[in-house]
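*Asks:* mind folding the following:
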Amino acid sequence: MNSPRRTTIYDVAREAGVAASTVSRALNNPRRVNPVTRDHVVAVAERLGYRPDPLATALQSGHKATIAMLVPDITNPHFFGTIRGAEKRASEAGLTFILANTEESADNERNQIERLSRSVDGFVLAASRLREDTTRELAREYNLALVNRQVEGLPGAVVDNGSGSRQIIEHLASLGHRSVVYLSGPHRSWTASQRWRALRAAAERHGMTARRLGPFPPKVDGGGAAADAALAAEATALVAHNDLLAIGVLRRLTERGIPVPGRVSVVGYDDIFGADLCVPALTTVAGPQEEAGRAAVELLIRKGSLSRSQPAPQQVVLPSHLVIRDSTGPAA
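*Replies:* Got it, this is the predicted structure:
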């Protein structure tokens, strides 16, 4: 049975006939609100059973009540769930949520942080392209939490790349494949490097040869060059950095008359919308991206309320699993 939905600041605002920002001021900074309005808001909040999130209240000490999420490619369906989870948690905490696109650029990412810093209480960086030392430098000045990126000492939520990659290799090995090519993503992608390490280690354990090609743009348009390079490597199984790249690979293989999975098997990551609609349906690694986005905002809120006596920011690692569809089959 689902638990009852938690009353949010927006429920109180709607019932009281005022803006959510007025509710926030009435409950957290009552001297800035007309006494009559304040008493009305408090009465409505008590009647609805609303309890301000103490962690969010602590984060709002700067009176901005706003957080920003930065993503490298706002058009990539992989981030839709992450954004949705982050926005939901921010809304529950009465925080305004800003979304910014960094266009796969570390320079853009840093510029966005510096430009928005006066307007927000903190940042959630999704699949950050920043160097680790740069991330640490920024974290000393700004309130940061990470999604699908790990930097020691900083709060973050990741989907377990190691487990998903091992499942890929185990699946391919069970089908008789002895060689695999990893079609890598962006050069500065932490996720790409983690997936390659896990794939290579798992392949070695199963007596398979593994080769890394790329980097390739993590988009459908990058699939043509990736597929051609993989065919030249004569591997029987191709693992793409993400589903968009994998779908582009499938398109190119179809153009060249290469049967999938008859001659070569193809696997992706992320299980985006449409992965099961392409032909053949794509075998891919899935993970709870919405939960990851939600967890990152929760960690950001907690980090903003930490005292020196509280424990260090935590890491949340979420499970991944292989979704087997039609793009993988026995080795030719």
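*Asks:* Cys252 sits in which helix or strand?
*Replies:* Heads up, residue 252 is Arg, not Cys. helix 243-255 (DSSP states H and E).
*Asks:* can you list the strands that the helix or strand following that helix pairs with?
*Replies:* With elements assigned by DSSP H and E, the helix or strand that comes after helix 243-255 is strand 265-269. The pairing partners recorded for strand 265-269 under DSSP bridges are strand 237-240 (parallel), strand 283-286 (parallel).
*Asks:* low-scoring stretches of the stretch 1-150 of the chain, by residue?
*Replies:* In the predicted model, the stretch 1-150 of the chain carries pLDDT under 70 at residues 1-4, 52-63.
*Asks:* just the strands in it please.
*Replies:* Secondary structure of the stretch 1-150 of the chain, counting by DSSP state E, counting those that start in this stretch: strands at 66-71, 96-101, 122-126, 144-147.
*Asks:* would you mind writing the CA trace of the third one as PDB?
*Replies:* What that stands for is strand 122-126. The C-alpha coordinates for strand 122-126 follow below in PDB (Å, rounded to 0.1, in the frame of the first residue of the first chain):
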ATOM      1  CA  GLY A 122      23.400  25.300  -3.900                       C
ATOM      2  CA  PHE A 123      24.000  23.300  -7.100                       C
ATOM      3  CA  VAL A 124      23.300  19.700  -8.200                       C
ATOM      4  CA  LEU A 125      25.900  18.800 -10.900                       C
ATOM      5  CA  ALA A 126      24.600  15.900 -13.100                       C
END
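*Asks:* which helices and strands sit right next to it?
*Replies:* strand 66-71, helix 78-92, helix 106-116, strand 144-147, helix 289-304 (3 or more Cβ pairs under 8 Å, 6 or more residues apart in numbering; DSSP states H and E). The C-beta positions use only the backbone N, C-alpha and C, and glycine is treated the same way.
*Asks:* adding mean pLDDT, mean neighbour count and distance to Ser320, write the strands paired with strand 265-269 out as CSV.
*Replies:* Listed next are the strands paired with strand 265-269 as CSV, based on pLDDT from 0 to 100; neighbours: other Cβ atoms under 10 Å; distance: least, Cβ to Cβ, whole Å:
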stretch, mean pLDDT, mean neighbour count, distance to Ser320
strand 237-240, 98, 30, 14
strand 283-286, 98, 24, 5
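*Asks:* and the angle for the helix or strand hosting Trp196 with strand 265-269?
*Replies:* Per DSSP H and E, Trp196 falls inside helix 190-205. For helix 190-205 against strand 265-269, the angle between stretch directions is 140 degrees (axes from the mean of the first three to the mean of the last three Cα atoms, to 10 degrees).
*Asks:* who touches stretch 275-288?
*Replies:* 81, 159-160, 164-165, 167-168, 171, 243, 246-247, 250, 254, 260-261, 265-271, 318-328 (Cβ atoms under 8 Å, 6 or more residues apart in numbering).
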